[in-house]
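**Student:** Structure, please.
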Amino acid sequence: MTDLIADIRENIDTDWLSEYLGQHYAEELEYTDYSIEILKISIEDLKAENYQGIEHVEYVEFEDYDKIKTLFSEQESKAVKKEFEEDSKYYRDTHECSFMPCECNLSLFKAILYCNEEYVWSATTFSFSDY
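**Tutor:** The predicted model follows:
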């Protein structure tokens, strides 16, 4: 099997990876002061779909794009910001609220996985609160 992340991503079960990242990392962020967790995995574990070897790299607070810019390239930073904006719009548009207009607070939590300093995959979870 190739060592190109794009090729590896084509050969792994990304639905399972999404579920794993969501359950083990993104959902756990709800109990912290952070919205993003940066993770890394070895290329061997990624190819084998062995996610127990995932390592924590960094936590980032929501909308701390200055911090994000220190961790990623300019292009990746913009992509992370855009993805948060798209997720926010999607969850707000699909949220059924008894208040009109909706005044619920949306919280997004994202786990982002890298391998060899290259983006592999991410998972997002969310919650709404009435305050």
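**Student:** Flag the shaky bits of the protein, pLDDT-wise.
**Tutor:** Where the chain drops to pLDDT under 70, the residues are 1, 98-102, 130-131.
**Student:** Show the contacting residues for Lys110.
**Tutor:** The neighbours of Lys110, taking C-beta atoms under 8 Å, 6 or more residues apart in numbering as the test, are 26, 29, 35-37, 80, 83-84, 87, 122-125. Where C-beta positions appear, they are placed from N, C-alpha and C, glycine not excepted.
**Student:** and these, which of them are in helices?
**Tutor:** Among those, DSSP state H puts Val80, Glu83, Phe84, Asp87 in helices.
**Student:** Name the SS class of the closest residue to the third one other than its chain neighbours, please.
**Tutor:** Here the nearest residue to Phe84 in space, its sequence neighbours aside, is Leu108; by C-beta to C-beta, 6 or more residues apart in numbering that works out to 6.1 Å. Reduced to three states with DSSP: H, G, I helix; E, B strand; the rest coil, the structure at Leu108 is strand.
**Student:** distance of Leu108 from Thr124?
**Tutor:** Leu108 is 6 Å from Thr124, where distance means C-beta to C-beta, to the nearest Å.
**Student:** Please apply the same query to Phe62.
**Tutor:** On the measure of C-beta to C-beta, Phe62 and Thr124 end up 12 Å apart.
**Student:** neighbour count winner among the two?
**Tutor:** More neighbours surround Thr124 than the other of Phe62 and Thr124, with 22 against 15 (other C-beta atoms under 10 Å).
**Student:** what's the spacing between the nearest residue to the more buried one once chain neighbours are set aside and Ile36?
**Tutor:** The shortest distance from Thr124 to any non-neighbouring residue, by C-beta to C-beta, 6+ apart, is to Lys110 (4.8 Å). Distance of Lys110 to Ile36, computed by C-beta to C-beta: 5 Å.
**Student:** Mutual contacts of those two, please.
**Tutor:** Leu29, Val80.
**Student:** Could you export whichever strand or helix holds Ile8 as CSV, CA atoms only?
**Tutor:** According to DSSP states H and E, Ile8 maps onto helix 5-11. Output in CSV follows, covering the C-alpha atoms of helix 5-11 (Å, rounded to 0.1, in the frame of the first residue of the first chain):
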residue,chain,number,x,y,z
ILE,A,5,-2.4,10.0,2.7
ALA,A,6,-4.9,10.6,0.0
ASP,A,7,-4.5,7.0,-1.3
ILE,A,8,-4.6,5.6,2.3
ARG,A,9,-7.8,7.6,2.9
GLU,A,10,-9.4,6.0,-0.2
ASN,A,11,-8.6,2.5,1.3
